[in-house]
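1. build the 3D model from these lines:
(chains A, B, C and D)
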Protein chains: 2
Amino acid sequence: MGSAHSHVPDVPRESLADLTARLRHGSRRVTGARQAILSVLRQERRPLTVREIREDLTGTRCDLATIYRSLGMLTELGLVKRFDFGDGSARFELIGDGGGSHHHHHLVCNRCTRIVEIDECFPEELENSIARQNGFQAVTHRLEFFGLCPECQ
Amino acid sequence: MGSAHSHVPDVPRESLADLTARLRHGSRRVTGARQAILSVLRQERRPLTVREIREDLTGTRCDLATIYRSLGMLTELGLVKRFDFGDGSARFELIGDGGGSHHHHHLVCNRCTRIVEIDECFPEELENSIARQNGFQAVTHRLEFFGLCPECQ
DNA sequence: CTGTTAGGCGCAAACGATTCGCAATAAGGA
DNA sequence: TCCTTATTGCGAATCGTTTGCGCCTAACAG
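-> Below is the predicted model:
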C-alpha cells in the first residue's frame, strides 16, 4: 500500500494557477490568504481542520476568521468539501476539478485520527429505494467509517 | 411512582420502571431529573436535541447541565445513543433493551428536520472488506441520509 | 423513622468552534 | 496610478457543551 509519510504526488493535482483561475471564474478575488489556504489543501490531500490549516500556513500569517470565511466561500464555489467526523471540528478537503471522483468517504482511526480515503460508497439503488419508500427527494448521504488503524492496534 | 396504565401507543417500549431498573443496575441513582428525561425520550422515539428534551419536560424543570450530564451517563450505560446530523447540536435517542432495534440510521429532511428511522444499513461484507483492505480493526460506521421530505418538496 | 453520606443538582463561569461588526487594506479594472 | 469595493484582521458575540462548587437528596444502615 502507499507509504504513509512521503507525499505521493502521483495523483493528478490541480496546479495552484488552475485553482486561482477557478477562483477568478467565480468572480472572487485571488488574495494571498486564499492562495495560501488552497496551497495547503492541495498539498495535504485529506480533510484538515481549520486549526491544522493555519498551522500549515508557511509564511502567510492568516486570521482564523479569514480561514473560516475563505473555506466557506471555497465550499460554495465547489472547490472544497466539508466533512464532519463528529469530534466537534469541521474538516475541509480540496476536491478535484470537473467530473472526477468527487464523492468519497473516509476511514478514520479512533486513536490517532489517521484518515484513509475510501472509494466504496453506499449502494445507489438502495439509497434510491430508501428515498422512494419514504417519499423523499434529492436524497444524499453522509457516511464515514471508524476503527483502529494498523499502527494503533 | 406507579403510573402507566393510560393507553401507551403502539410500539413495544420499555416501561419507565424497567428503565430505572437498568439505571439501578448500573449503580446510578434514580433521580427525578433522570426519570423525566427518560420519560421524554421514551415518548418521542426519535433523536432529540438537548434543547428539545428540556422543552418536552413536563413539570420537572431541569438544568441544561443536568440534562447533558444525564445523557452522558445514559450513553455510557448504553441506554441512549448519540447521533450527529452535522447541524451543530447532538441528538440523543433511547435504544431498546437487549436484542431490540439497536443499530439504525436516519433520513433527515433538509428543510423541516423531520426524521425518519431507516433500517437499511451499509452492507456488512463491504464494510469488512474495507476494514481488511486497510488493515483496520473494530470498524464501525456513521451513516445518515438527507433529503426533502414529501411535505417540503 | 432518622441520621449519614456520597452521588446529583442548579448556577454561574469556562470553553472551544465558529460567526459577526467594523475600520483598515489591498485586488483589479478604468 | 487611482478608485471602488471585496477582503482582512481584530475583538467581541454566539452557540453548544463542560466544569467547579456549594447545596440537596436518594439510598441505605440502624
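2. mind listing the strands for chain A?
-> A:48-49, A:80-84, A:90-94, A:105-109, A:115-118, A:137-148 (DSSP state E).
3. and the nearest residue to residue A:32 once chain neighbours are set aside, how many residues sit next to it?
-> Spatial nearest neighbour of residue A:32, excluding adjacent residues (Cβ to Cβ, 6 or more residues apart in numbering or on different chains): residue A:60 at 5.7 Å. Heads up, the C-betas are built off the backbone N, CA and C, glycines and all. A count of nearby residues for residue A:60, using other Cβ atoms under 10 Å in any protein chain shown, gives 15.
4. now the angle from the helix or strand bottoming out on mean pLDDT in chain A to strand A:90-94?
-> When the helices and strands of chain A are compared on mean pLDDT, DSSP states H and E, helix A:16-25 comes out lowest with a mean of 86. Put simply, helix A:16-25 runs at 110 degrees to strand A:90-94, going by axes from the mean of the first three to the mean of the last three Cα atoms, to 10 degrees.
5. tell me which parts of chain A are close to DNA strand D?
-> Contact residues, chain A versus DNA strand D (Cβ under 7 Å from any atom of the strand): A:28-29, A:31, A:33-34, A:61-63, A:65-66, A:69-70, A:73.
6. mind checking which of those are buried?
-> Those of the residues of chain A next to DNA strand D that meet the buried threshold are A:28, A:33-34, A:62, A:70, by 16 or more other Cβ atoms under 10 Å in any protein chain shown.
7. can you pick out the most distant pair from those?
-> Taking Cβ to Cβ, the two most distant members of these are A:28 and A:62; they sit 16.1 Å apart.
8. quick revisit: as JSON lines, the strands of chain A with mean pLDDT and mean neighbour count would be great.
-> Conversion of the strands of chain A to JSON lines gives the following (pLDDT from 0 to 100; neighbours: other Cβ atoms under 10 Å in any protein chain shown):
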{"stretch": "strand A:48-49", "mean pLDDT": "98", "mean neighbour count": "20"}
{"stretch": "strand A:80-84", "mean pLDDT": "96", "mean neighbour count": "17"}
{"stretch": "strand A:90-94", "mean pLDDT": "97", "mean neighbour count": "21"}
{"stretch": "strand A:105-109", "mean pLDDT": "98", "mean neighbour count": "22"}
{"stretch": "strand A:115-118", "mean pLDDT": "96", "mean neighbour count": "18"}
{"stretch": "strand A:137-148", "mean pLDDT": "98", "mean neighbour count": "18"}
